[in-house]
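1. coordinates for the following, if possible.
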Amino acid sequence: MPIDYDTITPEETPRPDASAWSDRAADWSYEATIQEIEAITARIESGTLELADVFEQFSVAVKYLRECETFLAERQQHVDLLIETLQDAPEV
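-> Sure thing, here's the model as predicted:
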């Protein structure tokens, strides 16, 4: 069942805690989160939201951006570790 992000508050938004990626929900998706950020941006730019809703939507977008940033930083650390492992491996 799709979630209507227009009608929920940031507290109700079903997203994993950005500090616990190992425990994150299996359905979290970087691409879907980016799409939602873009949708929020479009809603804000449309000029149809009340000011309070603009701030609420902006808050949600910032939260999502932080999740994405954490996700990417952890993936970068993983790639760096793999590269380091390959560089330290003896030649065969």
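
2. show me where the protein has helices.
-> 30-46, 51-88 (DSSP state H).

3. format those helices as a markdown table; extra columns: mean neighbour count and mean pLDDT.
-> C-beta here means a position set from N, CA and C on the backbone, and glycine is covered the same way. Below are the helices of the chain laid out as a markdown table (neighbours: other CB atoms under 10 Å; pLDDT from 0 to 100):
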| stretch | mean neighbour count | mean pLDDT |
| --- | --- | --- |
| helix 30-46 | 13 | 97 |
| helix 51-88 | 13 | 95 |
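
4. ok, residue 48 to residue 62 distance?
-> Applying CB to CB, to the nearest Å, the value for residue 48 to residue 62 is 21 Å.

5. touching, residue 67 and residue 32? I think so.
-> No: using CB atoms under 8 Å, residue 67 is not in contact with residue 32, being 11.0 Å away.

6. from residue 38, how far out is residue 73?
-> From residue 73 to residue 38 the distance is 21 Å (CB to CB).

7. ok, now how distant is residue 58 from residue 87?
-> In terms of CB to CB, residue 58 sits 43 Å off from residue 87.

8. what's the answer for residue 27, then?
-> 35 Å.

9. before we move on, what about residue 76?
-> 16 Å.

10. same thing with residue 64?
-> For residue 64, the distance to residue 87 - CB to CB - is 35 Å.

11. how about residue 49?
-> Counting by CB to CB, the gap from residue 49 to residue 87 is 51 Å.

12. what do you get for residue 65?
-> For residue 65 relative to residue 87 (CB to CB), the value is 32 Å.

13. can you check residue 53 too?
-> From residue 53 to residue 87 the distance is 51 Å (CB to CB).
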